[in-house]
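**Student:** Provide a 3D model corresponding to the input given below.
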Amino acid sequence: MTLERVTKLRAKMAEHELDAFLVGCAVEDIFHIAGANRRYLSGFTGSMGWLAITKDSQYIAVDFRYFEQAENESPDYTLFPTTGGMETWFARLIGEAGLSGKRIGFEPGDVSVASFNQMRKAIDALPESDRPTLLSAPPLVSELRTYKDDSELDALQRAVDLGDAALVHVTERMQPGWTEKQLAWEIEKYARENGAEFMSFPTIVAAGPRGAMPHAMPTDTVIKKGDPVVIDMGVIVDGYCSDLTRTVVCEGGERTGKFREVYEIVLTAQRTAEELLRTGMGGEEGHMLAHNVIAEAGYGEHFGHGLGHGVGLQVHEAPSLGRTSKSVMEDRMIVTVEPGIYLPGEFGVRIEDQCVFENGKLRIMSKAPK
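**Tutor:** Numbering: from 1, shown residues only. Sure, this is the predicted structure:
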C-alpha cells in the first residue's frame, strides 16, 4: 500500500519538476497525529524522522531510537541512520540519495523554520555545484490523503463505531452531580478499554452556559439536572480518527422551550446539508446549505464556524466546508457535518456526524442517537 502511494507522489513530483520530496514533521509527533504525511507514505509511527523520496528510491532517516522500528514498519524504505541535528547529516543524505544539484520539494507544514535553517546550513557547506535547491511545494501528500482507499475507509468506520459506542455508553449513565471532567474521563476510559489507541483530541464537555463556547475544555463544573451538555469527542483506531458531537440534556431536564427550538433548528440544518451535499459542490456552497437554515430562523450570527472538515490520519484535514473554502467535494472524501448555534450566557447546541462521499452523495457513518 505504501509503495502505491509513493508511486502516486512521484507522478505529482514529475508534474512539478521535482527530483525528490522531503517529508517530515514540524514538531515531535508524540501524539501520533502531526506526522500524518510521513505515516501515510511509509507506515512509520515514530515521533521523529524524515523521508526522502527520489524518482527511483526512498529513504527513511531516523536516529538510534527508531532503527528497528523503521525497519519493521517501513520495509520498502532504505534506512538512513542519523545522529544529531539535520545540519550534521543532511549533506550526507544528499550525497547518498544522488541529490547533488537537484530540486527537492517539501510541504511547508512539514518543515519548521529551525529545520529549514539546519538544512540550509548543511547545503551552504557543500561545493556550489553540489548544492540542491530547496523548494516550498504545493501540499502534494496532503492532497493524496484527501481520497481514502478501502483500508482507510475500514479503519475510519471502526473508529466512528467505537466513538459512537463510547458516547452512548457514557451519556446513558451520566447523572446530575457529575463534573464535566468526570464525564470526559468516563468517555476516554471506555474508549481506551475497548480498543482506542488514543483520543482524536482532548474531549470537549461543556454544560449549561459553557456550551456557548464551541471549544470549551472540561472543568470541575458540576452538571445539574436539566443542563444541556455539548460533548465533542473522537477516538483513534489504527491511526485513523473519528469526530462526533452530540448535545444532550442531563436526566430529568425539560426538552421544551427555547432549547428545544434551537436544537430543532440545528438538527434541521444538519439534515438539510447531509441530504443535499453532492460531489462537484464547492465547500462554500456546502456550508451555506446549513447556514441558510439557521439564518432564516434568526440565528445566523450565532453560527460562526465552518460546517465541517475532513478527517483521516488527522482529525482536521482537507477538504473543508466553510465560507472561505476552495475545496470541491469528490467521492472517497470524508467530511464532518456539524452546524451549531451558540448563545452566550445561555447554552450551545452542536450536532456532528462523520460522513463519506459515495456515488455522488453523502453516506452518514455516525450512528449515535440524536
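**Student:** Residue 112: how many residues sit nearby?
**Tutor:** 14 (other Cβ atoms under 10 Å). Heads up, the C-betas are built off the backbone N, CA and C, glycines and all.
**Student:** now do the one 3 residues further on
**Tutor:** For residue 115, the tally of surrounding residues (other Cβ under 10 Å) stands at 20.
**Student:** same check, this time on the one 5 residues further on
**Tutor:** Applying other Cβ under 10 Å, we find 15 residues neighbouring residue 120.
**Student:** Ok, residue 315 next?
**Tutor:** 20.
**Student:** Go ahead and report the secondary structure state at residue 226.
**Tutor:** On the three-state scheme (DSSP: H, G, I helix; E, B strand; the rest coil), residue 226 is labelled coil.
**Student:** ok, residue 164 - contacts?
**Tutor:** Applying Cβ atoms under 8 Å, 6 or more residues apart in numbering, we find residue 164 in contact with 244, 366, 367, 368.
**Student:** With residue 209 instead?
**Tutor:** Applying Cβ under 8 Å, 6+ apart to residue 209 gives the contacts 344, 345, 346, 347.
**Student:** hang on, it in a strand?
**Tutor:** No. Counting by three-state DSSP, residue 209 is located in no strand; its state is helix.
**Student:** if we can go back for a sec, please report which of the contacts of residue 209 has the highest neighbour count.
**Tutor:** residue 347 (25 neighbours).
**Student:** ok, that residue touching residue 208?
**Tutor:** Yes. Contact criterion Cβ atoms under 8 Å: residue 347 and residue 208 qualify, at 6.3 Å.
**Student:** Mind listing the shared neighbours of those two?
**Tutor:** By Cβ under 8 Å, 6+ apart, residue 347 and residue 208 have these common neighbours: residue 228.
**Student:** ends of stretch 250-265, how far apart?
**Tutor:** Terminal residues of stretch 250-265 are spaced 20 Å apart (Cα to Cα, to the nearest Å).
**Student:** thinking again about what came up before, closest to residue 188 out of the contacts of residue 209?
**Tutor:** The nearest member of the contacts of residue 209 to residue 188, counting by Cβ to Cβ, is residue 347 at 24.1 Å.
**Student:** buried ones in stretch 321-334?
**Tutor:** 321, 322, 325, 327, 329, 333, 334 (16 or more other Cβ atoms under 10 Å).
**Student:** Let's have those residues in TSV, adding distance to residue 69, secondary structure and pLDDT.
**Tutor:** Listed next are the buried residues of stretch 321-334 as TSV, based on distance: Cβ to Cβ, whole Å; DSSP: H, G, I helix; E, B strand; the rest coil; pLDDT from 0 to 100:
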residue	distance to residue 69	secondary structure	pLDDT
321	37	strand	98
322	38	coil	98
325	37	coil	97
327	35	coil	97
329	37	coil	98
333	31	coil	98
334	28	strand	98
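**Student:** Out of the residues you listed, flag the one nearest to residue 155.
**Tutor:** Minimum distance to residue 155 across those is 11.2 Å, recorded for residue 334 (Cβ to Cβ).
**Student:** Could you identify the helix or strand that succeeds the helix ranked longest in the chain?
**Tutor:** When the chain is scanned for its longest helix (criterion: DSSP state H), the result is helix 150-171. Sequence-wise, the next helix or strand downstream of helix 150-171 (DSSP states H and E) is helix 180-193.
**Student:** That next one to helix 150-171, inter-axis angle?
**Tutor:** 140 degrees (axes from the mean of the first three to the mean of the last three Cα atoms, to 10 degrees).
**Student:** average model confidence for helix 180-193?
**Tutor:** Mean pLDDT, helix 180-193: 98.
**Student:** Equivalent analysis for stretch 352-364, please.
**Tutor:** 98.
**Student:** cool, stretch 226-234 as well?
**Tutor:** Stretch 226-234 comes out with an average pLDDT of 96.
**Student:** Using PDB, list the CA coordinates for it.
**Tutor:** Taking Å, rounded to 0.1, in the frame of the first residue of the first chain, the C-alpha atoms of stretch 226-234 are listed here in PDB:
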ATOM      1  CA  GLY A 226     -31.700  19.700  33.100                       C
ATOM      2  CA  ASP A 227     -28.400  21.100  31.900                       C
ATOM      3  CA  PRO A 228     -27.800  20.900  28.100                       C
ATOM      4  CA  VAL A 229     -24.300  19.400  27.600                       C
ATOM      5  CA  VAL A 230     -22.300  19.700  24.500                       C
ATOM      6  CA  ILE A 231     -20.000  16.700  24.000                       C
ATOM      7  CA  ASP A 232     -17.400  16.700  21.200                       C
ATOM      8  CA  MET A 233     -15.100  13.600  21.100                       C
ATOM      9  CA  GLY A 234     -13.300  11.200  18.900                       C
END
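**Student:** Name the residues of it that come out as buried.
**Tutor:** The neighbour-count criterion (16+ other Cβ under 10 Å) identifies 227, 228, 229, 230, 231, 232, 233, 234 as the buried residues of stretch 226-234.
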